[in-house]
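Colleague: have a look; sequence and predicted model below, questions after that.
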Amino acid sequence: MYDVIVIGGGPAGSRTAYMLARQGWKAVVLEKGNGVGEKLSCTGIIGQECVRIFDIDDSVILRRVKSARLLSPSGKMLYIKREEYQASILDRAAFDIAMAQRAQNAGAQYVFDSAVHDMRMTREGVEVYCRKRGDSLMARAVVIASGYGTRLTEVMRLGKTDDFVAGVQIEVPVKEADEVEVYFGRETAPGFFGWLVPTADGKARVGLLAHKTPDEYLKKLLDLLASQGRIVPGEGKPSYDAIPLKPLRRTYGDRVLAVGDAAGQVKPTTGGGIYYGMLCADIAADTLSNALHRDDLSAKNLSRYDREWRRKLGHELMVGYRARKLFERLSDQQIDRLFDVIEKNHIDTTLLEATDVSFDWHSRAIMKLLRRAVVARVLGSIRLPFRSSKNI
Ligand SMILES: Cc1cc2nc3c(=O)[nH]c(=O)nc-3n(C[C@H](O)[C@H](O)[C@H](O)COP(=O)(O)OP(=O)(O)OC[C@H]3O[C@@H](n4cnc5c(N)ncnc54)[C@H](O)[C@@H]3O)c2cc1C
């Protein structure tokens with residue numbers, strides 16, 4: 001009998017397993033792949049705060065960035081730059097492997113080729129059934145960290161997140177691009193954005209988020225960049241994945257917690273989920289450790305996890321989600337006008353100088369932006385999904 005079975009060996013699952021194992025709990029990670037590090041769709045950009053807090057090793061960082069070019073639908077550019085590095089671009093496969101290695105070094109066990117398809121509550125614990133492996137394992141508690149779209153949250157009566165976006169990305173040889181570029185506009189990625197992220201060794205990740213037909217938009221973006229002589233359309237294949245935009249209503253139950261994308265702990269503004277998932281993994285492991293000590297794995301006792309992660313991230317996710325919905329309604333002309341007013345009124349500089357605005361925490365920047373009368377005029381008749389209260 002294990003203390004905890006963690007389902008999924010992505011960043012959220014491996015971090016949870018690591019934190020449990022280092023406190024002496026018998027933890028096993030069941031991973032459906034034949035190894036970890038297969039999430040090729042992910043761009044792997046994380047803020048420096050994440051690098052620092054989780055002590056991420058230089059060996060899995062491809063490069064660090066201080067700046068980015070934001071491009072409006074008609075080609076207007078906002079150049080944002082700070083003196084210090086703001087973000088790091090991960091070698092996502094190497095990062096996942098390093099996180100799993102860290103958990104294994106702390107004593108967690110990994111079992112690959114183990115797709116979990118069902119779970120059943122017994123009097124002693126939870127019985128977890130794996131496909132391929134053909135048998136079942138027992139644990140006192142289970143952590144669902146199997147990413148977005150997992151059926152397992154429904155199996156354990158935690159429901160499912162009801163808003164998501166599709167993401168697609170391809171790695172291509174790059175000719176002329178040395179900075180992160182973000183593209184906005186209905187022709188590129190309606191309601192969302194596309195990106196070009198130079199990594200290293202003459203390569204770049206090109207991708208976008210879209211509610212529908214992401215492959216068609218990716219082809220258009222690649223054609224555009226190739227026609228500008230920026231990239232060489234590669235032989236590689238695009239990778240696809242879905243990203244939740246809203247958290248589950250409930251992330252705990254008797255003997256079970258959900259973390260990471262499985263719980264919808266993702267920034268709705270950008271779709272970035274590595275940092276928030278790992279922050280929640282720490283809260284999950286801490287809650288479980290206390291509950292295992294007290295031998296009380298009831299939903300009531302585990303509800304502390306839900307309260308604590310929402311205290312930390314709930315406001316960010318709510319403001320980010322509403323801003324996302326607002327952005328999805330903007331026309332190309334409105335986005336262009338926003339670029340104009342931001343530049344003319346030096347709002348970009350003001351935001352860059354604000355110490356409470358950062359790569360990982362967006363609600364302050366959103367509220368500062370929306371409070372500006374010039375911005376409100378651009379948004380015109382669109383009703384703001386926010387109270388104008390200063391402390392939101
Ligand atoms: C196109 C795109 C670009 C992105 N770019 C960024 C970015 O730049 N920065 C950022 O922070 N985030 C980014 N993200 C989001 C990021 O990839 C996720 O938030 C992150 O991977 C979530 O980690 P996780 O551990 O919760 O889930 P995952 O990384 O999805 O890991 C889940 C694991 O569970 C395993 N699994 C699934 N089902 C089962 C099962 N039934 N049994 C056993 N194992 C199972 C999977 O094989 C996988 O290993 C991007 C996502 C996409 C789609």
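Modeller: Yep, that arrived.
Colleague: okay, CA-based contacts and neighbour counts for the rest of this
Modeller: Fine.
Colleague: got the contact list for K368?
Modeller: Counting by C-alpha atoms under 8 Å, 6 or more residues apart in numbering, K368 makes contact with L351.
Colleague: same thing with L30?
Modeller: For L30, the contacting residues are I5, V6, I7, G8, G9, Y110, V111, F112, D113, S114, A115, V116, by C-alpha under 8 Å, 6+ apart.
Colleague: again, 6 Å this time
Modeller: I7, G8, V111, S114 (C-alpha atoms under 6 Å, 6 or more residues apart in numbering).
Colleague: let's check: the centremost residue of the chain is which one?
Modeller: Averaging the C-alpha coordinates of the chain gives a centre point, and the residue nearest to it by C-alpha atoms, centre = their mean is G273 (1.4 Å).
Colleague: and the ligand, which of the contacts of L30 contact it?
Modeller: Counting by C-alpha under 6 Å from any ligand atom, I7, G8, S114 from these sit close to the ligand.
Colleague: was I right to think the second one contacts G33?
Modeller: Think G8. No - with contact defined as C-alpha atoms under 6 Å, G8 and G33 do not form a contacting pair (9.0 Å).
Colleague: between these two, who's got more neighbours?
Modeller: Applying other C-alpha atoms under 10 Å to G8 and G33 shows that G8 carries more neighbours, namely 26 against 15.
Colleague: got a list of what the residue lying closest to S239 once chain neighbours are set aside touches?
Modeller: Setting aside the residues directly before and after it, S239 is nearest to S41 in space (C-alpha to C-alpha, 6 or more residues apart in numbering), at 4.8 Å. When the contact criterion is C-alpha under 6 Å, 6+ apart, the partners of S41 are Q169, S239, Y240.
Colleague: out of the residues you listed, who has the most neighbours?
Modeller: Ranked by neighbour count (other C-alpha under 10 Å), the contacts of S41 have Q169 at the top, with 25 neighbours.
Colleague: so for R383, what's the pLDDT?
Modeller: If you check R383, the pLDDT there is 62.
Colleague: need the residues of the stretch 51-200 of the chain near the ligand, please.
Modeller: So the stretch 51-200 of the chain meets the ligand at S114, A115, V116, H117, A145, S146, G147, T150, G167, V168, Q169 (C-alpha under 6 Å from any ligand atom).
Colleague: what's the most distant pair in these?
Modeller: Every pair in those was compared (C-alpha to C-alpha); the two farthest apart turn out to be H117 and Q169, at 28.0 Å.
Colleague: on that earlier part again, out of the residues of the stretch 51-200 of the chain next to the ligand, which are buried?
Modeller: Burial by neighbour count, judged by 16 or more other C-alpha atoms under 10 Å, picks out S114, A115, V116, A145, S146, G147, T150, G167, V168, Q169 from those.
Colleague: how about the last one, phi and psi?
Modeller: Listed backbone geometry of Q169 is phi -150, psi 150, with angles given as degrees, to the nearest 10.
Colleague: out of everything not next to it in sequence, what's closest to it?
Modeller: Closest residue in space to Q169, ignoring its immediate chain neighbours: G207 at 4.0 Å, by C-alpha to C-alpha, 6+ apart.
Colleague: quick one: the one you found and Y276, what's the gap?
Modeller: In this structure, G207 and Y276 are 21 Å apart, going by C-alpha to C-alpha, to the nearest Å.
Colleague: and what of A323?
Modeller: Here A323 is placed at a distance of 18 Å from Y276 (C-alpha to C-alpha).
Colleague: again, but for I5
Modeller: When distances are taken as C-alpha to C-alpha, I5 and Y276 turn out to be 21 Å apart.
Colleague: check Y79 too.
Modeller: For Y79, the distance to Y276 under the criterion C-alpha to C-alpha works out to 26 Å.
Colleague: more neighbours: these two, which one.
Modeller: When neighbours are counted by other C-alpha under 10 Å, Y276 comes out ahead of the other of Y79 and Y276, with 22 against 13.
Colleague: who touches that one in this structure?
Modeller: When contacts are counted by C-alpha under 6 Å, 6+ apart, Y276 is found next to Q265.
Colleague: repeat for T122
Modeller: When the contact criterion is C-alpha under 6 Å, 6+ apart, T122 has no partners at all.
Colleague: ok, it to A139 distance?
Modeller: 10 Å.
Colleague: same deal with F54?
Modeller: 27 Å.
Colleague: the two: which has the busier surroundings?
Modeller: Set side by side, F54 and A139 give different neighbour counts by other C-alpha under 10 Å, the larger being at A139 (21 against 14).
Colleague: what's near enough to touch that one?
Modeller: Contacts were defined as C-alpha under 6 Å, 6+ apart; by that measure A139 touches M1, Y2, D3, V4, G125, V126.
Colleague: let's see it at 7 Å
Modeller: M1, Y2, D3, V4, I5, G125, V126, E127 (C-alpha atoms under 7 Å, 6 or more residues apart in numbering).
Colleague: need the max-distance pair from these.
Modeller: Pairwise distances across those (C-alpha to C-alpha) peak at 11.9 Å, for the pair D3 and E127.
Colleague: so where's the stretch 1-150 of the chain uncertain?
Modeller: Counting by pLDDT under 70, the stretch 1-150 of the chain has low-confidence residues at 133-134.
Colleague: doesn't G24 lie inside a helix?
Modeller: No - counting by DSSP: H, G, I helix; E, B strand; the rest coil, G24 is not part of a helix but coil.
Colleague: burial check on the nearest residue to it once chain neighbours are set aside, number of neighbours?
Modeller: Residue nearest to G24 in three dimensions, not counting chain neighbours: G107, with 7.9 Å by C-alpha to C-alpha, 6+ apart. Residues near G107, counting by other C-alpha under 10 Å, number 20.
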